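**Q** Following is a predicted model, sequence given first.
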Amino acid sequence: MGERKVIDASAKLNTVESIRADLGRLGVREGDTLLVHSSLSKIGWVCGDAEAVILALQQALGSAGTLVMPAHSGQNSDPAEWANPPVPSAWLEEIYAHMPAFDPDYTATRAMGRIAEQFRSLPGTLRSYHPQVSFAARGPHAAEITGVHALTPQFGQDSPLGALYRLDAKVLLLGVGYDSCTTFHMAETQIEDMPRKRMGAAIREDGVRTWKWFEDYAYDSDDFDRLGQDFEEQGHAAVGKVGMAECRLLPVRAAVDYAAAWLKKHRFA
């Protein structure tokens, strides 16, 4: 028998109403278009779990706002690169032949957290068509954000991030660090010296399941924490708490523009 878990009576009890109030204090406004990267556990005890957080976000944005979350499915990738755990090399060809094709209605997210997975699965949520890095959205701009998603570059102008840039959206890092800030990857697509790599995924082309090889940038988030801290020190990000979670709220357009200049200076100088 494992040790019985006991909730600290002095801990904060988080509700839809309290989370909505925290979001407002951080700077989330009605009518915003908001991309959210999240960790439910960092918020603390939530009455209603992931559902409550989604409700609070939708209430904070109101009917004129659009809520967006990553719906990435990294499991649909080249098994030769899997490391946790690796698979036997003898399995590779069978995986290439039998990995189910990406389906926006059925393919689950991977490592996006409980909030993002529940949001993706809600009836009426729209999802972009990309086998590895799709985004899900609800609200007036959902169709515009998810309607175009090029296979490569997956984080370029013809992607949900490009739409968010044009819409002057915001990013909320809810209990996660800058290394989770997918928005910075869009800046990488603007750098001529970015290395490239071969990628693969199972997709449907003309209604037929196929394994598709393609080339894209070798995206790298290893220096995003340092990039984010420099961005924050310039006064571009609001910092606060939602429940017990440390949060950052930042504008997409400013984040991409700053990141492009920063990466050229610090990573590719």
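**A** Happy to help now that I have it. Remember, predicted model here, so these are calculated numbers, not experimental data.
**Q** Show me where the stretch 1-150 of the chain has its strands.
**A** With DSSP state E, counting those that start in this stretch, the ranges of strands along the stretch 1-150 of the chain come out as 33-38, 66-70, 126-127, 135-138.
**Q** where does the stretch 51-200 of the chain dip in pLDDT?
**A** Within the stretch 51-200 of the chain, no range satisfies pLDDT under 70.
**Q** in the chain, which spans are helices?
**A** 16-26, 40-43, 49-61, 92-98, 114-121, 142-146, 160-166, 183-188, 224-233, 252-266 (DSSP state H).
**Q** In JSON lines, list those along with distance to residue 85 and mean neighbour count.
**A** In short, each C-beta sits where N, CA and C put it, glycine included. Converted to JSON lines, the helices of the chain look like this (distance: least, Cβ to Cβ, whole Å; neighbours: other Cβ atoms under 10 Å):
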{"stretch": "helix 16-26", "distance to residue 85": "36", "mean neighbour count": "18"}
{"stretch": "helix 40-43", "distance to residue 85": "24", "mean neighbour count": "19"}
{"stretch": "helix 49-61", "distance to residue 85": "27", "mean neighbour count": "21"}
{"stretch": "helix 92-98", "distance to residue 85": "13", "mean neighbour count": "13"}
{"stretch": "helix 114-121", "distance to residue 85": "22", "mean neighbour count": "21"}
{"stretch": "helix 142-146", "distance to residue 85": "32", "mean neighbour count": "21"}
{"stretch": "helix 160-166", "distance to residue 85": "31", "mean neighbour count": "24"}
{"stretch": "helix 183-188", "distance to residue 85": "26", "mean neighbour count": "24"}
{"stretch": "helix 224-233", "distance to residue 85": "26", "mean neighbour count": "17"}
{"stretch": "helix 252-266", "distance to residue 85": "32", "mean neighbour count": "18"}
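**Q** Please produce CSV containing those, extended by distance to residue 177.
**A** CSV is the format used below for the helices of the chain (distance: least, Cβ to Cβ, whole Å):
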stretch, distance to residue 177
helix 16-26, 16
helix 40-43, 10
helix 49-61, 18
helix 92-98, 32
helix 114-121, 16
helix 142-146, 24
helix 160-166, 18
helix 183-188, 12
helix 224-233, 6
helix 252-266, 14
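**Q** so who does residue 173 touch?
**A** By Cβ atoms under 8 Å, 6 or more residues apart in numbering, the contact list for residue 173 reads 37, 180-181, 247-250.
**Q** Kindly supply the PyMOL command isolating those of these that are buried.
**A** If you want just the buried ones from the contacts of residue 173 in PyMOL, going by 16 or more other Cβ atoms under 10 Å, the selection is:
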select buried, resi 37+180+181+247+248+249+250
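**Q** tell me which residues form a beta bridge with the nearest residue to residue 182 once chain neighbours are set aside?
**A** Of all residues not flanking residue 182 in the chain, residue 70 sits nearest, at 6.0 Å (Cβ to Cβ, 6 or more residues apart in numbering). Beta-bridge partners for residue 70, by DSSP bridges, are residue 135.
**Q** My guess is residue 70 contacts residue 132. True?
**A** No: under the criterion of Cβ atoms under 8 Å, residue 70 is not in contact with residue 132, lying 10.9 Å apart.
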